[in-house]
Every structure is written in structure tokens, then in C-alpha cells.
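# I would like the atomic coordinates for the input below:
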Amino acid sequence: MEEIYCKLKQKLESKEKLTQDDVKKIMQIVRKQMNFMIKNSIIITPKNYERWFYVFCNIVENNKELNDLEILGLFKEMFNEPYDEIKDKSDEALQGKQKGMVKKLVRIADTIEQKLVEVINTIDSHNESLQNHQEEIKNEELELQDENIKPVLKKILDEVEMLRRENELLTYELRKYHADVVKLQGELLTARTEAEIDFLTGLVNRRRFERALLEMINDYQTRDYPFALILLDIDNFKQINDKYGHPAGDQVLKEIALILKTFLRANNIAARVGGEEFAILVPGATAKEGAAVANRLRATIENRTFNTTEEDIKVTASFGVSGVRKDDTLDTIFARVDKALYEAKNSGKNRVVVIE
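Numbering: from 1, shown residues only. Take a look at the predicted model:
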């Protein structure tokens with residue numbers, strides 16, 4: 001495991017007194033961490049929370065600018081395991097748990113926002129009342145002839161002015177917090193619509209994968225950074241479902257996903273993009289290098305015995321591979337790799353076809 005540098009971690013563990021800057025930094029870390037975990041459907045267990053806090057502490061303290069995929073890769077490098085903890089959980093229960101958790105956080109943010117507005121309005125009203133009283137006292141002071149009372153009124157005016165300024169400062173700080181809460185509300189609402197994990201396999205889903213693919217295409221067009229795209233389709237999957245039942249088919253999908261998680265590098269992105277279809281992004285690779293990755297995966301799948309509740313079965317998969325081209329769009333590169341996959345399926349299956 002890569003050593004994680006987090007100064008705040010040491011302070012928290014040593015129970016050293018935190019400064020105001022430390023508290024602000026912790027709030028920044030937690031805000032980024034929670035938004036990321038919700039957005040990526042990462043279960044908020046104590047273990048996950050602690051690990052992701054250290055990851056984002058390291059990112060914030062070192063002013064790192066990382067996209068989501070780089071952050072996931074960083075986690076895998078640090079802890080030498082996938083970022084999710086969903087292997088032995090019920091898919092439906094997990095999905096419900098995630099949605100329920102996000103809804104709860106949205107409700108909390110809504111309540112905080114409402115209370116802040118109420119407090120700000122109350123202080124504004126109080127400040128307006130103070131200002132009116134201040135004007136009345138000033139008028140009284142001008143009309144008074146008794147010099148003995150004037151110092152008392154002056155002191156009252158000073159106290160009212162000080163209170164009014166404190167209220168203005170408090171209102172200013174509360175408005176800043178209100179802006180943060182409104183921003184968090186937006187992030188949480190976005191997170192509700194951007195659940196991007198396939199709950200059966202723990203891989204990213206098609207929506208998330210397409211976003212990653214667009215980022216890679218943009219990287220290639222702006223800084224000439226190549227990548228290979230691989231499509232994998234399990235051979236005769238319908239027959240597996242028909243013969244052994246859908247639970248056996250689900251188990252095969254999970255084990256294929258486990259192979260991808262185990263054998264791919266940290267910066268490779270694997271997704272389930274269809275029923276029995278998977279996609280893989282290999283950054284920095286040519287079509288030929290992508291084909292080498294596909295062949296290793298093909299051989300691993302072919303040589304593996306898949307354990308199901310019915311019986312142990314053998315499975316093969318077909319692969320289509322291509323490298324990015326200068327004029328590629330999401331549609332053109334997918335169409336090219338899909339064509340290669342179609343050729344692999346129709347020329348005997350259990351093979352890799354490359355289109356340069």
C-alpha cells in the first residue's frame with residue numbers, strides 16, 4: 001500500500017488542538033469526499049469513510065487536481081484493492097440503501113437551508129429594528145437639553161451600533177454558509193441522477209463509461225494521449241441462462257467482473273455496458289497493445305472454471321478492439337469496436353479481432 005500523507009490525520013489521532021484553518025480544511029475534505037462517494041455510489045461504511053477521508057485529505061493538502069477516474073485509480077494503488085465493498089451484499093438492498101441515503105442527505109440539506117434562511121431573515125429584521133431605534137435615539141439626543149443624560153444616550157447609541165455591526169458580520173457569515181448549503185443541495189440532486197455503478201458487478205455502468213470515454217477522446221485530441229477501447233461479449237450467454245438459470249448467469253457476470261478488477265491495471269476502466277457485454281478503456285495503449293490485454297483476458301476466462309449453485313461450468317468470451325483515431329467521436333469508436341466484436345462472434349467466437 002502506498003503511504004498516505006495526511007497531516008490532519010496525525011493531528012486527529014494525537015488529539016492535538018485543531019486551528020480554525022484545520023476545521024475549514026476538514027470541511028472542505030468532507031464536502032469533496034461525500035460528494036464523490038455519493039456520486040460514485042460508494043457505500044458509506046466506517047472502513048470506506050476512513051479510507052476515502054485519507055485519500056481526499058492527501059488530495060486537498062497537496063492541491064492535486066484529479067478527475068474521478070484518476071481518484072479511483074489512486075485509491076486502488078493506495079489500498080491495492082477495488083474501491084467498492086459490495087461483493088457479498090444483495091443488489092436490490094444495496095440500490096435501495098444508496099437511494100435512501102442520498103434522499104436522507106437531500107432532506108438534511110433542505111432542512112439546513114430552510115433554517116438558515118429563517119435565521120438570516122430574523123437577524124435582518126432585528127437589524128432593521130435596531131437601526132430604527134438608533135435613529136430615534138439620535139433624534140432624542142439632538143432635542144435634549146439636559147447634558148447629564150446625553151452621555152447615557154451616547155453610550156446606548158454605541159452599544160446599539162456595536163450590536164448592529166455584530167449582526168451584520170453574523171449575517172455575512174451565515175449567507176456564506178447558506179451559499180455552501182445551496183451548492184451542496186445541487187451536488188446531492190446531481191448525485192441522485194448520476195448513480196453510475198452497476199450493482200450486480202460493481203463495475204461502472206454505461207453512462208459513467210461513456211463519460212470516461214469522452215474524456216479520453218478529448219485528451220487524445222488536445223494532447224495526443226492515445227488509448228485502446230475493448231468490447232467483451234460472453235459467448236452463448238443465453239444458453240447459460242436457459243440451462244442453468246438466471247442466478248447462474250448472474251454469477252458468471254460477477255466472476256467476469258472480478259477477473260477484470262483483478263487483472264486490469266489501476267488506470268484501466270472496466271464497465272458493464274449491456275446484459276453480457278463489458279467495455280474496457282486502456283489509457284496510453286495502441287490497438288495492438290489493447291489486443292494483447294484482450295488476449296490475456298480471453299485466455300484467463302477460457303481457463304477458468306465458473307462456480308455456480310447448479311454446477312461448475314466453462315465459459316468463453318469474444319473481443320473487439322480498436323485504438324482511437326484523430327477524428328473519433330463516441331459513436332464512431334464504439335461502432336468500430338462493435339464491428340470488430342461482431343466479426344469475432346461470427347468467425348468462431350472465443351477470439352480477439354482488432355480494427356486499427
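# Which residues does stretch 246-260 contact?
Contacts of stretch 246-260 from elsewhere in the structure, counted by C-beta atoms under 8 Å, 6 or more residues apart in numbering, are 200-203, 232, 234, 237, 240-241, 270, 272, 276, 278, 280, 297, 300-301, 304, 306-310, 313, 315, 317. To be clear about C-beta, it is placed using only N, CA and C from the backbone, and glycine gets the same treatment.
# just stretch 347-356 next, same as before
235-236, 287-288, 290-291, 294-295, 298, 302, 316-323, 336-337, 339-341, 343-344.
# That one - what's its average pLDDT?
Here stretch 347-356 scores 95 as its mean pLDDT.
# From Ala270, how far off is Leu72?
Computed with C-beta to C-beta, to the nearest Å, the distance linking Leu72 and Ala270 is 11 Å.
# wait, Lys33 sits on Phe53?
Lys isn't right for residue 33; it's Gln. Yes. Counting by C-beta atoms under 8 Å, Phe53 is a contact partner of Gln33 at 5.8 Å.
# Compare those two and say which is more crowded by neighbours.
When neighbours are counted by other C-beta atoms under 10 Å, Gln33 comes out ahead of the other of Gln33 and Phe53, with 22 against 19.
# check which helix or strand covers the more buried one.
Using DSSP states H and E, the element containing Gln33 is helix 20-39.
# helix/strand/coil for Ile42?
Under the three-state scheme (DSSP: H, G, I helix; E, B strand; the rest coil), Ile42 adopts coil.
# what number of residues lie near it?
Other residues lying near Ile42 total 22 when counted by other C-beta under 10 Å.
# again with Leu281
Residue crowding around Leu281 was assessed by other C-beta under 10 Å; the count is 23.
# Then Asn35?
Applying other C-beta under 10 Å, we find 17 residues neighbouring Asn35.
# Would you mind measuring from Leu18 to Ile313?
As for Leu18, its distance to Ile313 is 56 Å (criterion: C-beta to C-beta).
# Could I have the ChimeraX command that selects the buried members from the contacts of stretch 246-260?
One line in ChimeraX is enough to select the buried ones among these; burial here means 16 or more other C-beta atoms under 10 Å:
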select :200,201,202,203,232,234,237,240,241,270,272,276,278,280,297,301,306,308,315,317
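# residue ranges for the helices of the protein, please.
Counting by DSSP state H, the chain has these helices, from start to end: 7-14, 20-39, 46-61, 68-79, 91-143, 150-193, 206-223, 237-244, 246-263, 287-303, 330-346.
# List the buried residues of the third one.
Burial within helix 46-61, assessed by neighbour count using 16+ other C-beta under 10 Å, is assigned to Asn48, Arg51, Trp52, Phe53, Tyr54, Val55, Phe56, Cys57, Asn58, Ile59, Val60.
# list the helices and strands it packs on?
Taking 3 or more C-beta pairs under 8 Å, 6 or more residues apart in numbering; DSSP states H and E as the contact definition, the neighbouring helices and strands of helix 46-61 are helix 7-14, helix 20-39, helix 68-79.
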